[in-house]
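*Asks:* this is the structure alone, sequence omitted:
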């Protein structure tokens with residue numbers, strides 16, 4: 001081996017993993033996260049301690065679906081990206097929805113969704129879209145959908161994120177079946193759909209027995225996060241509000257790994273924990 005090659009290999013091993021973009025990019029696992037950042041607006045953005053914690057959480061994952069962005073000026077998502085990337089040390093991009101709650105009776109509940117993603121791991125395909133809900137008006141905050149593909153593997157998929165209205169959570173969860181069917185037509189040829197977000201699918205809003213009556217809980221779907229998980233920070237209640245649901249064609253890519261990220265314990269960050277699931281970039 002030449003001296004040049006020896007030095008090159010030595011430098012590769014000396015680079016810490018967290019700073020090695022090459023190591024991250026060739027990792028054959030995608031870690032996808034959902035995170036309801038409670039009332040995420042300028043107050044949190046302008047708090048150095050809180051925003052540093054939030055940015056650090058995003059950097060742990062390849063894609064993060066964020067719910068509850070409450071910024072009418074639409075400046076917080078872009079400024080947050082700059083903080084995440086830390087003067088170009090990281091290579092994240094984002095896509096953000098328009099303000100949801102498009103129907104007249106929903107406008108007091110308007111929020112935005114965003115997907116932050118590591119551009120060395122995944123590619124955004126086409127234009128993300130808010131689910132067209134004008135006919136049925138089934139959602140207070142319409143789901144937001146985006147089409148992604150792993151850069152180094154065969155795994156492509158649609159992510160559909162939702163923040164249900166608590167008082168009609170069961171109805172909205174049931175209607176997510178229609179969203180999946182619509183997504184398969186809108187994103188032509190894509191069968192792999194992952195629905196993730198704050199479903200409010202627990203405690204007083206939706207019991208397991210009620211969920212089991214839904215088509216969206218039937219054989220055509222796998223609910224990865226169990227009903228026994230605790231995804232909220234409340235001391236007296238253990239609620240599995242935040243969920244991942246996948247179509248059968250996603251299962252060959254699922255590694256079996258999921259977790260609730262309890263990397264903070266202050267409700268000044270959020271009243272929800274991030275929840276993540278791992279997928280292979282190639283099926284087995």
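*Replies:* Ah, there it is. None of the values given here were measured: they were computed from a predicted structure. Residues are numbered from 1 along each chain as shown.
*Asks:* C-alpha only now, for contacts and for neighbours.
*Replies:* Will do.
*Asks:* what about residue 126, how many neighbours?
*Replies:* Neighbours of residue 126 under the rule other C-alpha atoms under 10 Å: 10.
*Asks:* for whichever strand or helix holds residue 93, what is the average pLDDT?
*Replies:* Using DSSP states H and E, residue 93 sits within strand 92-96. Strand 92-96 shows a mean pLDDT of 98.
*Asks:* run through the stretch 51-200 of the chain and note the low-pLDDT ranges.
*Replies:* Residues of the stretch 51-200 of the chain meeting the criterion pLDDT under 70: 103-109.
*Asks:* so where do the strands sit in it?
*Replies:* 63-69, 92-96, 112-118, 122-130, 144-150, 156-163, 193-198 (DSSP state E, counting those that start in this stretch).
*Asks:* closest one to residue 237 among these?
*Replies:* strand 193-198 (16.1 Å; C-alpha to C-alpha).
*Asks:* so which bits of the helix or strand just after that closest one are buried?
*Replies:* Of the helices and strands lying after strand 193-198 in sequence (DSSP H and E), the nearest is helix 208-211. Neighbour-count burial for helix 208-211 flags residue 211 (criterion: 16 or more other C-alpha atoms under 10 Å).
*Asks:* I'd like the next helix or strand past helix 208-211.
*Replies:* strand 222-223.
*Asks:* roughly how far is the helix or strand just after that following strand from the heart of the chain?
*Replies:* Using DSSP H and E, the next helix or strand after strand 222-223 towards the C-terminus is strand 242-246. The chain centre lies 10 Å from the centre of strand 242-246; the measure is C-alpha atoms, centre = their mean, to the nearest Å.
*Asks:* counting contacts, what elements does strand 242-246 pack onto?
*Replies:* Applying 3 or more C-alpha pairs under 8 Å, 6 or more residues apart in numbering; DSSP states H and E, one finds that strand 242-246 contacts strand 29-40, strand 193-198, strand 222-223, strand 275-280.
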